[in-house]
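Colleague: Here is the input, now give the coordinates:
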Amino acid sequence: QLQLVESGGGSVQPGGSLRLSCAASGFTLDLYAIGWFRQAPGKVREGVSCISSSGGTTRYADSVSGRFTISRDNAKNTVYLQMNSLKPEDTAIYYCAAAQRVCRRDPLEYNYWGQGSQVTVSS
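Modeller: Numbers count the residues shown, from 1 in each chain. I've put the predicted structure just below:
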């Protein structure tokens, strides 16, 4: 069964950090770009970050640039999203998704999706 599994979410105070992981099972990630998306209650899903299959290209939404870092370890078949200086507006369910090789803006171009991991930033 081909699937992505996110982990590492939780609750944190403003200014805190979390690291999300996206692990693949049933297929290898090294041919796929991995995107992180998030969806807050009542809002549309938005792209947060993406890393190409080679790791040579990374992209960030303006709202997280300078605070979040995406990376990948193809040997572990896992992609990470390090989130620092978290803000209450970062509260959302975070999803990882896989697309062929290059980062894509349109969520419809991602072939596989994880189940989501809740991130809550609150004092």
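
Colleague: list the contacts for L86?
Modeller: Residues near L86 by CB atoms under 8 Å, 6 or more residues apart in numbering: V12, P14, G15, G16, S17, L18, R67, V119, V121. Placement of C-beta: from N, CA and C, glycine included.

Colleague: at 7 Å what do you get?
Modeller: V12, P14, G15, G16, S17, L18, V121 (CB atoms under 7 Å, 6 or more residues apart in numbering).

Colleague: tell me which of these is nearest to E109?
Modeller: Among the contacts of L86, L18 lies closest to E109 (CB to CB), at 26.8 Å.

Colleague: who does the closest residue to R59 other than its chain neighbours bridge with?
Modeller: Nearest residue to R59 in three dimensions, chain neighbours excluded: C50, at 4.6 Å (CB to CB, 6 or more residues apart in numbering). Judged by DSSP bridges, the bridge partners of C50 are G35, R59.
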